[in-house]
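Asks: Next input, structure requested:
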Amino acid sequence: MAKQARIKFNLTAYRQIRRSAPVERMLGGKARQIANACGGDDAGYYTQSSIGATRARAVVIAGSGESIRDNATNNTLVKALDRGRG
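Replies: Numbers count the residues shown, from 1 in each chain. Below you'll find the model as predicted:
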């Protein structure tokens with residue numbers, strides 16, 4: 001029987017990639033695509049991205065009363081998630 005292959009992951013490199021500026025920019029772009037699908041800044045949806053302790057993050061925020069109501073009533077953010085893919 002053949003020996004099983006062993007894989008040794010470079011966890012330090014994974015951490016560096018997850019916290020890199022290009023990854024943050026890519027996530028920010030995806031968040032902007034989702035926010036634009038919701039109506040963008042004009043409709044009260046805006047984005048925020050940051051690099052945390054372990055990874056880069058990006059969020060779309062319903063920042064006005066109108067956008068909060070719209071999202072609560074119509075699930076606008078959930079419906080727009082597909083725009084961030086691909």
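Asks: Okay, now the unreliable bits of this structure?
Replies: 86 (pLDDT under 70).
Asks: run the last query once more with 90
Replies: 1-3, 83-86 (pLDDT under 90).
Asks: In it, where's the longest helix?
Replies: Looking across the chain with DSSP state H, the single longest helix is helix 21-38.
Asks: Just the C-alphas of that helix, formatted as CSV.
Replies: Extracted in CSV, the C-alpha atoms of helix 21-38 (Å, rounded to 0.1, in the frame of the first residue of the first chain):
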residue,chain,number,x,y,z
ALA,A,21,-4.6,45.3,1.2
PRO,A,22,-5.6,43.6,-2.2
VAL,A,23,-8.0,41.3,-0.4
GLU,A,24,-9.5,44.3,1.5
ARG,A,25,-9.9,46.2,-1.9
MET,A,26,-11.5,43.1,-3.5
LEU,A,27,-14.0,42.7,-0.6
GLY,A,28,-14.7,46.4,-0.6
GLY,A,29,-15.5,46.2,-4.3
LYS,A,30,-17.9,43.3,-3.7
ALA,A,31,-19.6,45.2,-1.0
ARG,A,32,-20.0,48.3,-3.3
GLN,A,33,-21.5,46.0,-5.9
ILE,A,34,-24.1,44.8,-3.4
ALA,A,35,-24.8,48.3,-2.1
ASN,A,36,-25.2,49.6,-5.6
ALA,A,37,-27.7,46.8,-6.3
CYS,A,38,-29.7,48.1,-3.3
